[in-house]
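Chemist: Based on what follows, work out the 3D shape:
(2 chains)
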Amino acid sequence: MERKKRMNQLLRMFFIFMKIGTFTLGGGYAMIPLIQDEIVEKNKWIDEDEFIDIIALAQTIPGALAINTSTYIGYRLFGFKGALLGCIGTMLPSVVIILIVAAFFLQFQNNVWVEAIFRGIRPAVVALILAAVIKLGKTLPKSILNIGWVIGSVLCITLFHIHPILVIIFSGILGYMLFKGENSDEDNC
Amino acid sequence: MKIIVEIFIIFMKIGAFSFGGGLAMLPFIEKEIVDKHHWITSNEFIDIIAIAQMTPGPIAINSSTFAGYKVAGILGGLSGSFGIVMVSFILITILAKYFIKIKDAKETKAVFKGIRPAVLGLVLSAAVTVGKTALIDIKSVCIAIIIFLGLNKLKLHPILGIVLAGIMGILLY
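Modeler: Modelled structure (predicted):
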């Protein structure tokens, strides 16, 4: 009985990632709010804090952010089988859609309707990302240090063109130096 | 068959060295597929980027599947998409096993206390980057604001937000 329930949950996760893969435009970052909505809020499989750590980890590993996130979540929930289904679930819709679009590419390309739809969707992607920032930001304590850290890393990336991986690594080292003496119970604020 | 294996290995290499997601991958793909192997032209490459951004899913998967398809049809497409995820898939399954064990250690918590605000900064800078090319006129700024308010205040589902934005696109453009 327990095994059957686990199997059902695994399949459920697979279809959730397939659904997310089907409906997100704008790549990995646009997928984060959807993954958060399904995995953290609706199914409560992973809590908010751990979700942020997973994104950080997904960004420090090479490769597509969405794939890394869903593979990791799959592994965390169901082990190797989960990782495999998380990864394939996220990929599958794109691969199928791309193969179809590639085959009919030239007919699609200059259709005025298609162009208009995508002109509307592109700015919405910005809104989606901003909404994700606000949601994720709610779990961070609103200290001057944290706000400065966020602004600092935005400036490092957009203005000074420092590689995101360096920003992550440097922040990890700085965090280790600043907070290693703290009692870990204080973390849950 | 040789070309299918070759595509797989090239995309595996690209997947192993690109940090920062799909957009960071594009220069690698161009170098390998356009410059080195001459499998597709520069113009075709630009079309691939456009399609990869317009179709749902991760840009990295979309562009490598499309590039693989252009070179060697359906098998080439599959070979591109599986090649690109191979390295991160292996890394994650190794790392996750280890990470679950150490994630509650005091040192790990300290490291992630520093990384968390940086991740927010990273996501925010993606909004800045996307915004530079997506917010091009008053209409697009309005769409962004309306969708943002819908998501943030009315708890609109992101998928509905995208559908709504597509409809606005038809009405406005």
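
Chemist: Show me the shaky parts of the chain.
Modeler: In the absence of a named chain, chain A is used. Across chain A, the ranges flagged by pLDDT under 70 are A:1, A:26-27, A:105-110, A:183-189.

Chemist: oops, chain B please
Modeler: Using pLDDT under 70, chain B drops low at B:18-24.

Chemist: Mind naming the longest helix for the chain?
Modeler: With no chain named, the answer covers chain A. Across chain A, the helix with the greatest residue count (assigned by DSSP state H) is helix A:65-109.

Chemist: let's do chain B instead
Modeler: Per DSSP H, chain B has its longest helix at helix B:59-102.

Chemist: what packs against it?
Modeler: Counting contacts by 3 or more C-beta pairs under 8 Å, 6 or more residues apart in numbering or on different chains; DSSP states H and E, helix B:59-102 packs against helix A:65-109, helix B:2-17, helix B:22-29, helix B:42-54. Glycine gets a C-beta too; all of them are placed from N, C-alpha and C.

Chemist: Could you figure out how far that helix is turned away from helix A:65-109?
Modeler: Put simply, helix B:59-102 runs at 170 degrees to helix A:65-109, going by axes from the mean of the first three to the mean of the last three C-alpha atoms, to 10 degrees.

Chemist: quick one: helix B:59-102 to helix B:42-54, angle?
Modeler: 50 degrees.

Chemist: how many degrees apart are helix B:59-102 and helix B:2-17 in direction?
Modeler: Going by the same axes, to 10 degrees, helix B:59-102 is angled at 50 degrees with respect to helix B:2-17.

Chemist: what about whichever helix or strand comes after helix B:59-102, near chain A?
Modeler: Of the helices and strands lying after helix B:59-102 in sequence (DSSP states H and E), the nearest is helix B:106-134. Yes - on the criterion C-beta under 8 Å from any C-beta of the partner chain, helix B:106-134 is in touch with chain A at B:106-107, B:109-131, B:133-134.

Chemist: can you pull the contacts of the closest residue to B:G80 other than its chain neighbours?
Modeler: Of all residues not flanking B:G80 in the chain, B:G68 sits nearest, at 2.6 Å (C-beta to C-beta, 6 or more residues apart in numbering or on different chains). Counting by C-beta atoms under 8 Å, 6 or more residues apart in numbering or on different chains, B:G68 makes contact with B:7, B:11, B:76-81, B:83.

Chemist: same check, this time on A:I97
Modeler: Counted by C-beta under 8 Å, 6+ apart, A:I97 has contacts A:22, B:55-57.

Chemist: roughly how far apart are it and B:M25?
Modeler: Per C-beta to C-beta, to the nearest Å, A:I97 is found 18 Å from B:M25.

Chemist: Widest-spaced pair of the contacts of A:I97?
Modeler: By the measure C-beta to C-beta, A:T22 and B:T55 form the most distant pair in those, at 10.2 Å.
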